[in-house]
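Peer 1: fold the following for me, if possible:
(one chain, ligands or ions: 1)
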Amino acid sequence: MARTVRFVLAKMKPGVTREEYERFEREVDYVIASRLENPWIAAAKPPLARRLFDAVTDPSDAGRFLERKVALVTGASSGTGVDIARQLAGAGARVAVHYRMAKAEAERIVDEIHAAGGDGAAFGAEVARSDDLRRLVADVSERLGSVSVLVNNAGPFNDTPFRTLAEADWDYIMDANLKAAWLLSQLVAPGMERAGWGRIVNIGATSAFVRSHAVYGLAKAALLHLTESLAIELAPAITVNAVVPSQIASPRTDTLAEYKARAIAATPLGRLVTQDEIARMVVLVCSPAFDVVTGRAIIMDGGRTIPRFPRLELKQD
Ligand SMILES: NC(=O)c1ccc[n+]([C@@H]2O[C@H](COP(=O)([O-])OP(=O)(O)OC[C@H]3O[C@@H](n4cnc5c(N)ncnc54)[C@H](OP(=O)(O)O)[C@@H]3O)[C@@H](O)[C@H]2O)c1
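Peer 2: Model (predicted):
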């Protein structure tokens, strides 16, 4: 099978030598845009020219644009993070499956990834503790390599009204949902910049757009602000985007039958977003299709948060 050569020829300086190219090919991981854009490549003799051609035409490599890159997914021992970890592995990434308490579950996900021909390992940390996060990034880098894809997914919920919210709960929700995303981004950004490529995806929530989800909504709203700020600060090597689901279809949601029915009734598309759909969007955001997209929130809510007023049924005479 052809090795996927990850490099955009359009960005190669004019007059690049073969030695320079081969060194670059060893160090840089990206897909070739077109060999015709560079006269040196167009004139290259096989086997290199053949290899380049294969790299853009071999369909077996088509979806593996994260080959040999390391992806860290927080909160991947249950819920949406599991699907994100699995699908990033499917795109070729070596996945750091992060957990807090559920070590056995995280290890089971890693076993599944290995059984499917992928690579990864499990890592524990409390995301509300800065020291844990520093250790997490150091451990992942040492065991799997420098992080190229960071998915800030762990995000505990709490909708206790502000008037009765305990200070410790404020700190925990803000630290786990917001501070962790900032600190992890700060910790992994230098490695991404050295590699010339990185993707940060923050998992938000449409709670950011309402005023009834208290400190959780506040943290998720601030996460969108952080996403935009980091997108500016970390450009051009790194893109930073948010994937923002509303209520996710899950066994837990099924236990809240009335809440679920009301959510579906208020959703134009008439159903809840699935974990699989969110994971597919995360992978898409890390794909070449999103190379020019940064600082954006991709809202996956079936249209539920589109502002609407009640329709006035005026009679037309
Ligand atoms: N569920 C929804 O309907 C919904 C709606 C909109 C947005 N979201 C957002 O989508 C993301 C995924 O939500 P989800 O409901 O699928 O997953 P979830 O059940 O909230 O998350 C479970 C995962 O997060 C880890 N985790 C939770 N708190 C942690 C902490 N303090 N430190 C480290 N790890 C922690 C858990 O680790 P252990 O089990 O190993 O302890 C587990 O791996 C979150 O950002 C959430 O805010 C969810």
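
Peer 1: what's around the nearest residue to residue 94 once chain neighbours are set aside, how many residues?
Peer 2: Once its chain neighbours are removed from consideration, residue 94 has its nearest residue in residue 119; the separation is 4.3 Å (Cβ to Cβ, 6 or more residues apart in numbering). For every residue, glycine as well, the C-beta is placed using N, CA and C. Neighbourhood size, residue 119 [other Cβ atoms under 10 Å]: 15.

Peer 1: state the distance from residue 119 to residue 69.
Peer 2: Computed as Cβ to Cβ, to the nearest Å, the residue 119 to residue 69 distance reads 11 Å.

Peer 1: quick check: neighbours shared by these two?
Peer 2: Common contacts of residue 119 and residue 69 (Cβ atoms under 8 Å, 6 or more residues apart in numbering): residue 94.

Peer 1: got the contact list for the residue nearest to residue 94?
Peer 2: Here residue 119 is in contact with 89, 94-95, 113, 144 (criterion: Cβ under 8 Å, 6+ apart).

Peer 1: which SS class is the closest residue to residue 230 other than its chain neighbours?
Peer 2: Here the nearest residue to residue 230 in space, its sequence neighbours aside, is residue 240; by Cβ to Cβ, 6+ apart that works out to 4.3 Å. Put simply, residue 240 is strand when judged by DSSP: H, G, I helix; E, B strand; the rest coil.

Peer 1: residue 240 touches residue 224, doesn't it?
Peer 2: No: with contact defined as Cβ atoms under 8 Å, residue 240 does not reach residue 224; the gap is 10.8 Å.

Peer 1: just want to know which of those two has more residues nearby.
Peer 2: Set residue 240 next to residue 224 and count neighbours by other Cβ under 10 Å: residue 240 wins out with 28 against 19.

Peer 1: contacts only, for that one.
Peer 2: By Cβ under 8 Å, 6+ apart, residue 240 lies in contact with 185, 200-202, 227, 230-231, 234, 294-295.

Peer 1: which of the residues you listed sits closest to the ligand?
Peer 2: Sorting the contacts of residue 240 by distance to the ligand puts residue 202 at the head of the list, at 8.3 Å, by Cβ to the nearest ligand atom.

Peer 1: so what's the residue count around the closest one?
Peer 2: Using other Cβ under 10 Å as the criterion, residue 202 is surrounded by 27 other residues.

Peer 1: so what strands line up beside the one helix or strand it maps to?
Peer 2: For residue 202, the host element (DSSP states H and E) is strand 198-203. Strand pairing for strand 198-203, determined by DSSP bridges: strand 147-152 (parallel), strand 238-245 (parallel).

Peer 1: mind checking those for the one nearest to the ligand?
Peer 2: strand 238-245 (4.4 Å).

Peer 1: chain center to that closest one, what's the gap?
Peer 2: Between the centre of strand 238-245 and the centre of its host chain there is 7 Å, according to Cα atoms, centre = their mean, to the nearest Å.

Peer 1: picking that back up, where's the residue nearest to residue 94 relative to residue 210, distance?
Peer 2: Applying Cβ to Cβ, one obtains 40 Å for the distance of residue 119 from residue 210.

Peer 1: could you see whether the ligand lies near whatever helix or strand residue 191 lives in?
Peer 2: Secondary-structure element containing residue 191, defined by DSSP H and E: helix 180-195. No: on the criterion Cβ under 6 Å from any ligand atom, helix 180-195 is out of touch with the ligand, staying 7.6 Å away.
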